[in-house]
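**Q** how would this look folded up:
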Amino acid sequence: MLSNTRITIVSILLTVAAIISYCYVGNIIEVPIKKPLSTFPTQIGTWKWVDHTHMGDEVRKMLGVDDYIQYDYVSADGMPVNLYVSYFSRVGSGGKGYHSPKNCMPGGGWNIIHSEPFKLTVSYSRPVAVEINKMVMQKGAEKEVVFYWYQCRGRIISSEYMDKIYLVLDSMFKRRSDGAFIRIMAPVRDGQETKTVEYLRDFTRHVIPALEEHLPGA
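**A** Coordinates of the predicted model:
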């Protein structure tokens, strides 16, 4: 249930977004991806690419993605992870936009057990702390841990609310609404959820810098 404060914030954002779409949307530029996602590395740290999934043309058209990958990787000791990245050159144009796993996964039969912010350290030229989302979900006997975030115009954003705020501000002051949604999933084996989280932490800290080679920055 949304608090009154959140409802007020969302209402204000929707009002501002409506004003922008009336006054500014024609001036927002489409920003092409820096480097095609099809060239994304098949080796991420010690993780190796093993397979990929193609979404159907109708699904891709419905989602409005300009570029995407859905790759399967496996660790040296056999843990699989699934990486999904979708890029939009102009969010909000023609219905293009992200779909939060909190909305999509239940539609696929998954029950969200819990969701919370998750912090990890990423190594660039120096270590940098970032915050993403961690979600645990279950469908029958299957249990998965999901990491997801928005990587937009030089920012890593965990909050859907902050993503909307930055989208409004950047549309107004940068004439940009491009961005990417990233989701990484791995199965929980033998009830060892903590171990799955550690696998995902290792994979993600390598993925984020690799994504910056492909996604437009600030």
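**Q** in this structure, which spans are helices?
**A** Taking DSSP state H, the helices of the chain run over residues 4-23, 57-63, 101-107, 160-173, 193-212.
**Q** Go through these and find the least confident stretch.
**A** When the helices of the chain are compared on mean pLDDT, helix 4-23 scores lowest, with a mean of 62.
**Q** on that earlier part again, nearest to residue 129, of the helices of the chain?
**A** Of all the helices of the chain, it is helix 193-212 that lies closest to residue 129, at 10.9 Å by CB to CB. Heads up, the C-betas are built off the backbone N, CA and C, glycines and all.
**Q** Would you mark the buried spots in the closest one?
**A** Buried residues in helix 193-212, counting neighbours by 16 or more other CB atoms under 10 Å, are found at 196-197, 199-208, 211.
**Q** starting at the chain centroid, how far to stretch 164-183?
**A** 13 Å (CA atoms, centre = their mean, to the nearest Å).
**Q** Which positions within it qualify as buried?
**A** 164-168, 170-172, 176-183.
**Q** Surely residue 166 touches residue 151?
**A** No - with contacts counted by CB atoms under 8 Å, residue 166 stays clear of residue 151, the gap being 11.5 Å.
**Q** Which neighbours do these two have in common?
**A** Taking CB atoms under 8 Å, 6 or more residues apart in numbering as the contact rule, residue 166 and residue 151 both touch residue 157.
**Q** want to throw the buried residues of helix 193-212 into CSV with distance to residue 37?
**A** Formatted as CSV, the buried residues of helix 193-212 follow (distance: CB to CB, whole Å):
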residue, distance to residue 37
196, 25
197, 25
199, 23
200, 20
201, 23
202, 21
203, 17
204, 17
205, 19
206, 16
207, 12
208, 14
211, 9
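**Q** List the contacts of the residue lying closest to residue 195 once chain neighbours are set aside.
**A** Among residues not flanking residue 195 along the chain, residue 189 sits closest, at 7.7 Å (CB to CB, 6 or more residues apart in numbering). With contact taken as CB under 8 Å, 6+ apart, residue 189 is in contact with 79, 195-196.
**Q** sorry, back to before: now, among the buried residues of helix 193-212, which is nearest to residue 47?
**A** Using CB to CB, the buried residues of helix 193-212 come closest to residue 47 at residue 203, 5.6 Å.
**Q** so how far is residue 90 from the closest one?
**A** According to CB to CB, to the nearest Å, residue 203 and residue 90 sit 29 Å apart.
**Q** got it, and residue 153?
**A** For residue 153, the distance to residue 90 equals 12 Å [CB to CB].
**Q** Now do the shared contacts for the two.
**A** What both residue 153 and residue 90 touch, as defined by CB under 8 Å, 6+ apart, is the set residue 178.
**Q** quick one: residue 152 and residue 165 touch, right?
**A** No - here residue 152 does not reach residue 165: they are 11.3 Å apart, not a contact under CB under 8 Å.
**Q** what touches both of those two?
**A** By CB under 8 Å, 6+ apart, residue 152 and residue 165 have no common neighbours.
**Q** All good on my end, thank you.
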